[in-house]
Structure formats: C-alpha cells, structure tokens
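show me how the following folds:
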Amino acid sequence: MAATVRGGSRSSSAKPRPKAPAQGAGRARSGAQAYAPSKLGVVGGVGLPPRLAVGITGLALAVALVGALVAEHRAQTIAAGGDAGFERALGGLGLRVANLTVQGATPMAQADIVKAAGVYRDQPILGVDLKALRQRIEQVGWVKQARVVRLLPDTIVIDVTQRQTLAVWQHGGHTQVIDNEGRPVPEADAGRFAELPLVVGEGANDAAGAILPLVRSRPRLMQRLDALVRVDDRRWDLRMTDGALIQLPPTGEDSALIRLDQLDQKSRILELGFARIDLRDPEMVAVRPKDATPAGQPVSGGA
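Prediction:
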C-alpha cells in the first residue's frame, strides 16, 4: 500500500535516507561560548564600520545570552536580584574585562589615561558605559579626542588622538607644558620636557604657536636661544643663553628675522656676541655690542 506524502507518493518499500544533522542545531549547542569572538572577526574582515560591527556582535550575543538564561530557568532570579544578579550572570558566561588596550598615546600619557578610565579586571564587560568612559578619557589633558570600542568577549580598546606638546610656559610663578593650541597639559611634568623651548609671560601660551615655527626654522638662532619672553602680550623678546636680547616687532616677525639672517650672514653676529639687537623698526637694525668692561668695574690699569 502506497504511503501518501506531500508533493507525490513513494513506495513503502523505499528505504528512507538518513537525515543529515541540522546545521542550525550545531550552532545552537556551541554558540554560547564560541559565537561572539568568531563572528566579530568575520564582521571586521568585511570592512564594516567598527560601531556597526560591535553592534551586530552585541545583538547576536544578547540573543545567545537570553537563550542560555531561558534554558537554565534563571531569568526570574536575575530580574529579582537586580543589577548585581545580572552582572553575576554575565560573569558566569565569561564576559568580563581581561584586557584594556590604549592606542595612540605615549607611554607617559598611558598611565594617566588608564587611571582616568577606571576600568578594572573581571568587571562585567557589557556593564561598562562606553559613553561615560570616553568622556572621562577626554578630560585627561593629554587627550584631544578619544574613541572607545568594546571587543567581546573580554577587551576594551581606547583609541586616542594625543595633544602635541609645543613648549614649556612660565608665568605667575608656575611652569606648565602646553600643547600646540596653547592649552596646558596638567598631567605633564615640565621638568621632564627640557627639550621643549621655554616661553615666558602672560599670553605667551596663546602666541607661541605662531612664533616658534619661525625660530625653529633657523638652527643657528635656535641653538643659542634660552627663552622667548612675551612683552605686554603684544610682541616678543628672544633671550639668548649668553644674556643677549633680540627685540622683535609686534607684527612682521618673519620679516624682522630675515633681516637678522642677513646681518648674521655678513658679520656672523650670533657668534660674535652682542648685548641687544633691536629689530622693532622695519627701516633699520640697531645693534648694541657688549661692553668690554662690565658696568661699575674699574678699567684694568686705570686710576
């Protein structure tokens, strides 16, 4: 007697073919542990934006998490236990912070960034507030901009754009490292940045970004420079290591320094030494040589 099946009939004597195990079933049994990291690698490999990749992975992990909780009849217990119970559940699935990676920062800045992050080992990783974490990182003086990514199952990545140090600023009895926008970097110890030029006076931090490239482009001048002193927050005096002074005008500093270059090419004045070079008048350069005898001292052999 023929057995009726959907789509036609077959002989009762035909041997049924063995059923292949459903592919979905295999994934359901193993997905709770291996799904998140493997899928993250695949998503990252096809060039999706990081936020979308993490979002897809997080959604998949959430589905796996709900399935695990329902299967183990723990949903009501966790709901009753509040946040603490939920965090314990996440920890039970191995979703805890094991690695914190900081990218784009110097070793000196990394310590301050990690401290501000406030992320601790074995903290439930899905409980980390990424927005709040990014805001804390961007409060660090070293950091211009930050991006935070959660890589499941156990890694937080902090990618920063670090502020570039420009100079050491001395004013009002304080000494601070400033960046190329003139902003102080409170965490930076000025004593550890002896290689940076020194700018002195009120407003020197804001004006340093314009004058320093002009001075740095002149190695003979730069190697003899002790400090750039801001005068009345309108112009610069260049104080040399031997005590000499170069006075620049309020505007047209580049033109004034070109005249200094020409004078140095003719007379090697930077090597000969001087008390003062006044470049404030665009029509002339006034040079005061060093006195042969310090003021107030008797001339040798004199009366």
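
for residue 115, pull up the helix or strand it's in.
In this assignment (DSSP states H and E), residue 115 forms part of helix 107-117.

domain ranges for the protein?
The chain is divided into the following domains under automatic domain parsing: 27-92, 99-162, 165-288.

contact partners of the helix holding residue 115?
100, 102, 105, 133, 136-137, 139-143, 156, 158, 160, 162, 187-188, 192 (C-beta atoms under 8 Å, 6 or more residues apart in numbering). To be clear about C-beta, it is placed using only N, CA and C from the backbone, and glycine gets the same treatment.

same question, stretch 241-259
Contacts for stretch 241-259 (C-beta under 8 Å, 6+ apart): 210-211, 214-215, 218, 221, 224-226, 234-240, 260, 273-282, 285, 290.

filter those residues down to the buried ones, ChimeraX style.
For the buried members of the contacts of stretch 241-259, the matching ChimeraX selection, counting by 16 or more other C-beta atoms under 10 Å, is:
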select :211,214,215,218,221,224,225,235,236,237,238,239,240,260,274,277,278,279,285
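
which ones among the contacts of stretch 241-259 map onto helices?
210-211, 214-215, 221, 260 (DSSP state H).

would you format the residues you listed as CSV with pLDDT included?
Below are the ones in helices among the contacts of stretch 241-259 laid out as CSV (pLDDT from 0 to 100):
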residue, pLDDT
210, 97
211, 98
214, 97
215, 97
221, 96
260, 96
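
how about the strands of this protein, start to end?
3-5, 8-10, 99-103, 143-151, 155-162, 165-171, 174-179, 198-200, 225-231, 235-240, 245-247, 276-278, 286-288 (DSSP state E).

pull up the pairing partners for the last one, direction included.
Just to be clear, that refers to strand 286-288. strand 276-278 (antiparallel) (DSSP bridges).

ok, the fourth one next?
In the sheet containing strand 143-151, its partner strands are strand 155-162 (antiparallel), by DSSP bridges.

relative to strand 99-103, how tilted is the strand it pairs with?
20 degrees (axes from the mean of the first three to the mean of the last three C-alpha atoms, to 10 degrees).

the inter-axis angle of strand 155-162 versus helix 107-117?
Using the same axes, to 10 degrees: strand 155-162 against helix 107-117 is 120 degrees.

report the buried residues of strand 155-162.
Across strand 155-162, burial judged by 16+ other C-beta under 10 Å covers 156, 158-160, 162.

adding distance to residue 265, write the strands of the chain out as CSV.
Formatted as CSV, the strands of the chain follow (distance: least, C-beta to C-beta, whole Å):
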stretch, distance to residue 265
strand 3-5, 102
strand 8-10, 102
strand 99-103, 47
strand 143-151, 40
strand 155-162, 39
strand 165-171, 28
strand 174-179, 33
strand 198-200, 27
strand 225-231, 18
strand 235-240, 18
strand 245-247, 16
strand 276-278, 14
strand 286-288, 15
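
can you redo these as CSV with distance to residue 118 and mean pLDDT?
CSV is the format used below for these (distance: least, C-beta to C-beta, whole Å; pLDDT from 0 to 100):
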stretch, distance to residue 118, mean pLDDT
strand 3-5, 64, 38
strand 8-10, 67, 41
strand 99-103, 10, 96
strand 143-151, 12, 97
strand 155-162, 11, 97
strand 165-171, 25, 97
strand 174-179, 24, 97
strand 198-200, 34, 98
strand 225-231, 39, 98
strand 235-240, 42, 98
strand 245-247, 49, 97
strand 276-278, 53, 96
strand 286-288, 58, 92
